[in-house]
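Asker: Mind folding the following:
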Amino acid sequence: METIKLTTRIDDTGTLHLELPTNLANREVEVLVVLQPADPRGWPVGYFEAIDAIEADDLMERPGQGIFEEREPLE
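Answerer: Next up is the predicted model:
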């Protein structure tokens, strides 16, 4: 199995043209295409919308840090 990852552009008609050179000549292959819109900032699409949807009650709380030893002050 060979995995190829690339970023390309879909044309104005909504058609994606793929031309991928491989080492697999003259044989039948299975092809899996996953389309995910690219975000110019590099974040997964919908990331910020998901963060905005988090309720304040759902936020994690930092547990208490315990009791620290008392040290003599530095002179």
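Asker: Stretch 1-10: end-to-end distance?
Answerer: Between the opening and closing residues of stretch 1-10 lies a distance of 26 Å (C-alpha to C-alpha, to the nearest Å).
Asker: so how far is it from its chain's centroid?
Answerer: The gap between where stretch 1-10 is centred and where its chain is centred comes out at 15 Å by C-alpha atoms, centre = their mean, to the nearest Å.
Asker: Mind listing what's buried along it?
Answerer: By neighbour count on 16 or more other C-beta atoms under 10 Å, the buried set for stretch 1-10 is empty. To be clear about C-beta, it is placed using only N, CA and C from the backbone, and glycine gets the same treatment.
Asker: Now it: average pLDDT?
Answerer: Averaged across stretch 1-10, pLDDT comes to 81.
Asker: what residues does that stretch touch?
Answerer: For stretch 1-10, the external contacting residues (C-beta atoms under 8 Å, 6 or more residues apart in numbering) are 16, 18, 20, 22-24, 38.
Asker: Let me have those in TSV, extended by neighbour count, distance to residue 74 and pLDDT.
Answerer: TSV is the format used below for the contacts of stretch 1-10 (neighbours: other C-beta atoms under 10 Å; distance: C-beta to C-beta, whole Å; pLDDT from 0 to 100):
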residue	neighbour count	distance to residue 74	pLDDT
16	10	66	89
18	9	67	86
20	8	66	83
22	9	67	84
23	5	67	85
24	9	70	85
38	11	54	74
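Asker: For residue 54, state which of the residues you listed is nearest.
Answerer: Residue 54 has its nearest neighbour among the contacts of stretch 1-10 in residue 38, at 24.2 Å by C-beta to C-beta.
Asker: end-to-end on stretch 36-54?
Answerer: For stretch 36-54, the first-to-last residue distance is 23 Å (C-alpha to C-alpha).
Asker: Now find how far off-centre it is within its chain.
Answerer: Put simply, stretch 36-54 sits 9 Å off its chain's centre (C-alpha atoms, centre = their mean).
Asker: Pick the one among the contacts of stretch 1-10 closest to residue 60.
Answerer: Each of the contacts of stretch 1-10 was scored against residue 60 by C-beta to C-beta, and residue 38 proved nearest at 30.1 Å.
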